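K.L.:
All I have is the shape, not the residue letters:
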């Protein structure tokens, strides 16, 4: 038998086996822990694994599911009505994040808020404990919703920013439990501990957000991390 024929047979068998396994898991005939079941709802409290990105994406596609998963997290929020302005701005399937850790309150899509909850729990807080033996008590920010184009009022053509649909959030700095303040504008090139912490926090955001931009991207982001759930994957 020719080698390519063997490869074709193996590929077909692989597809069949994968299909049978998927059917068995979905029908409950095979007991798979929820953490490793791609069809089980995302649980914000569970440690991330290789399925987390897929589960985030699937959850984001279903507003009702996103609301249920976010409600089970520790991120304090309130569901709000959709708001379409007709000029490429507004929001849909969004929440008002009124959590004291993120004061003042802001509006964010459920999808981005869910990524924010995952990032805060599984990247930001562990990094703060690792580098400073302190929790992050407050995340300082520049807000989320702003009806503007990609590069501000002038914009880049007519392309709206992810901020225009409340699908992006700008983080400026952090206040630790002992009162110590760490900001991007002052500490991105500062002392060793701050530098390592901020880069670990940025890398952690890349795991949960599609778009993560910071000081290494351009001068416009020298003082904040831009985090979004837009269509383009970038980590800079």
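P.N.:
That came through, no problem. This is a predicted model, so every value here is computed, not measured.

K.L.:
name the element residue 174 belongs to?
P.N.:
Using DSSP states H and E, residue 174 maps to strand 168-176.

K.L.:
Just give the strands next to that strand in its sheet, each with its orientation.
P.N.:
strand 136-143 (antiparallel), strand 181-183 (antiparallel), strand 225-228 (antiparallel) (DSSP bridges).

K.L.:
what's the most buried one of these?
P.N.:
Mean neighbour count (mean count of other Cβ atoms under 10 Å) peaks for strand 225-228 among those, with a mean of 25. (Each C-beta comes from the backbone N, C-alpha and C, glycine too.)

K.L.:
if we can go back for a sec, averaged pLDDT, the strand holding residue 174. What do you get?
P.N.:
Strand 168-176 comes out with an average pLDDT of 97.

K.L.:
And the contacts of that strand?
P.N.:
With Cβ atoms under 8 Å, 6 or more residues apart in numbering as the test, strand 168-176 has contacts from 106, 108, 112, 116, 124, 128, 132, 134-144, 161-163, 181-185, 187, 201, 211, 223-230.

K.L.:
Pull out the buried positions in that strand.
P.N.:
168-171, 173-176 (16 or more other Cβ atoms under 10 Å).

K.L.:
Same question for stretch 193-210.
P.N.:
Using 16+ other Cβ under 10 Å as the test for burial, stretch 193-210 gives 194, 197-198, 200-202, 204-210.

K.L.:
burial count for the closest residue to residue 147 other than its chain neighbours?
P.N.:
Spatial nearest neighbour of residue 147, excluding adjacent residues (Cβ to Cβ, 6 or more residues apart in numbering): residue 89 at 3.6 Å. Neighbour count for residue 89, taken as other Cβ atoms under 10 Å: 18.

K.L.:
quick one on the thing from earlier: taking the buried residues of stretch 193-210 one by one, which sit in strands?
P.N.:
Of those, none are assigned to strands by DSSP state E.

K.L.:
Residue 150: which of the residues you listed is nearest?
P.N.:
The nearest member of the buried residues of stretch 193-210 to residue 150, counting by Cβ to Cβ, is residue 210 at 15.1 Å.
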